[in-house]
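K.L.:
Attaching a predicted model along with its sequence, questions to come.
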Amino acid sequence: MSRTISYRGQLASGSQETIALHTINGKTGYRIVKFVMMTPNAGTTDYEQTIKIYKTQQSSIDADIDFTDNRLLAAGFTEGAAATNFIGNPLLVFFDHEIFNQDIYVTQFDAKSALACNYYIELEAVDLALDEQTVATLKDIRNVGAE
């Protein structure tokens with residue numbers, strides 16, 4: 001049986017937050033089912049914000065999105081301009097609803113104004129069979145030090 005858990009927060013530009021998901025036995029897996037981002041200053045400032053969700057901690061935070069990076073779980077981008085009162089629509093990308101069983105890392109970068117950005121993530125928690133647990137754990141081990 002699966003259940004949905006949610007996380008929300010606000011990240012300053014250039015920052016990273018850890019969402020602790022690891023368990024002692026690794027028998028609980030997670031997959032992203034919803035990812036939303038919203039600037040706290042919609043329509044009042046210029047912004048170009050990128051939020052990314054990774055399987056591993058990042059040593060540098062930027063706006064570059066690389067779909068070939070196997071550590072990237074999701075990415076979102078939104079932009080807006082104060083002069084036109086334009087509020088951008090977020091462009092969201094999900095990667096195959098991949099199952100993971102370790103901590104995830106959320107990064108945010110504003111390429112225009114260095115403003116904070118809100119995020120909301122829903123994860124589906126599922127019980128993993130022994131073979132699924134082994135595969136998820138081995139994938140995470142391979143990603144350590146991959147940056």
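P.N.:
Perfect, I can see it now.
K.L.:
give the contact list for the spatially most central residue of the chain.
P.N.:
Centroid-nearest residue in the chain, with CA atoms, centre = their mean: Ile53, separated by 2.2 Å. Taking CB atoms under 8 Å, 6 or more residues apart in numbering, we find Ile53 in contact with 32, 35, 72-75, 104-107, 121. C-beta here means a position set from N, CA and C on the backbone, and glycine is covered the same way.
K.L.:
repeat for Gly26
P.N.:
Residues in contact with Gly26 (CB under 8 Å, 6+ apart) are 101-102, 128, 133, 136-137.
K.L.:
Please identify which helix or strand holds it.
P.N.:
Of the helices and strands defined by DSSP states H and E, none includes Gly26.
K.L.:
Tell me the confidence at it?
P.N.:
Note for Gly26: predicted pLDDT of 83.
K.L.:
Check the gap between it and Ala129 for me.
P.N.:
Distance, Gly26 to Ala129, by CB to CB, to the nearest Å: 12 Å.
K.L.:
repeat for Gln49
P.N.:
Note on Gln49: its distance to Ala129, by CB to CB, is 39 Å.
K.L.:
again, but for Ser13
P.N.:
Using CB to CB, Ser13 is found at 41 Å from Ala129.
K.L.:
ok, those two, which is more surrounded?
P.N.:
Neighbour count, other CB atoms under 10 Å: between Ser13 and Ala129, Ser13 has more, with 20 against 11.
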